[in-house]
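Peer 1: pasting the sequence and the predicted coordinates here, then a few questions.
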Amino acid sequence: MNFRNCLLGIFAAGTALSLTALDQMGRVEAHGDVAPQAVDTAGLPDLGEEWLAENPWRDPESEFWALAIKIGASGYNQNCARCHGLEVISGGLAPDLRYLEADDYGDEWYLERYQHGYTQNGITKMPAFGELLGQEAAWAIRTYVETRPDEGALDPHADRLKAIRDKIKDLAASTSAADAEDTVAPLRTEMSEIADSLETGSGAPKADSVASRAVLQLDGSDESLKKTAEILTIGLSAAQ
């Protein structure tokens, strides 16, 4: 599924509903009356006043890629998830942004909505975020959204990731991160390979996933084993 087809599907479904039903659902689903929540973009570079035309943090080799995703996840959950769904999985009344292409077309569409909002039948379905949140927040959210794994991408790896989770949980209960490193190292490598194999719905070059987050958390710190087990538990639960 690409984003253009997603929009056409939503439009076709919407036209089958009465105007009254649309109005009622619009009042429930729209978040135009909810004040946008500020996004803390500390650590990201200042992009200046002139808006960029493409995502500056799309390249996974960028030093700001991981941070942009982390900040973007927070900004998305505060401002976008109510309509577009947790983990960017839409319930059907709003576009499924996982399939907004990670290219010039996708960036142009995204910026138009982000900067100016969207109104339908006199109802504000999406407020204008541009002046309120700025473009650093815009591109951080964009980076998070476009790095969502494709539908079902994690399914073939779910059982193995659960087994790794259980192993790491056992280690957390019985030893220190430093003493467990010989056991953890191959698990880290295996999860990195899983993370690198996942495709995004948008066509972005690399997915951010529970596997990649777990790898980053396995940094050898005292709480890393416990926190990694928690990341895997929550992430695998959300993916189902």
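Peer 2: Everything's here; your move.

Peer 1: now do the domain split for the chain, please.
Peer 2: The chain breaks down by automatic domain parsing into domains covering 3-22+52-146, 155-239.

Peer 1: wait, which of those domains is closest to residue 45?
Peer 2: domain 3-22+52-146 (6.9 Å; C-beta to C-beta). C-beta: built from backbone N, CA, C; applies to glycine.

Peer 1: tell me the buried residues in stretch 231-240?
Peer 2: Buried residues in stretch 231-240, counting neighbours by 16 or more other C-beta atoms under 10 Å, are found at 231, 232, 235, 236, 239.

Peer 1: go on, stretch 51-60?
Peer 2: Neighbour counts over stretch 51-60 (16+ other C-beta under 10 Å) mark 55, 56, 57, 58, 60 as buried.

Peer 1: please name every helix or strand in contact with the helix or strand where residue 68 lies.
Peer 2: Using DSSP states H and E, residue 68 falls within helix 65-79. Using 3 or more C-beta pairs under 8 Å, 6 or more residues apart in numbering; DSSP states H and E, the elements in contact with helix 65-79 are helix 130-146.

Peer 1: next SSE downstream of the helix it packs on?
Peer 2: Heading C-terminal from helix 130-146 (DSSP H and E), you reach helix 158-174.

Peer 1: alpha carbons of that next one, as CSV, please.
Peer 2: Taking Å, rounded to 0.1, in the frame of the first residue of the first chain, the C-alpha atoms of helix 158-174 are listed here in CSV:
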residue,chain,number,x,y,z
ALA,A,158,8.7,-12.1,17.2
ASP,A,159,9.3,-15.5,18.7
ARG,A,160,13.1,-15.1,18.6
LEU,A,161,12.9,-11.6,20.1
LYS,A,162,10.8,-13.0,22.9
ALA,A,163,13.4,-15.7,23.6
ILE,A,164,16.1,-13.1,23.6
ARG,A,165,14.0,-11.0,26.0
ASP,A,166,13.6,-13.9,28.4
LYS,A,167,17.3,-14.6,28.3
ILE,A,168,18.2,-11.0,29.0
LYS,A,169,15.6,-10.9,31.8
ASP,A,170,17.2,-14.0,33.4
LEU,A,171,20.6,-12.3,33.2
ALA,A,172,19.3,-9.1,34.7
ALA,A,173,18.1,-11.1,37.7
SER,A,174,21.3,-13.1,38.2
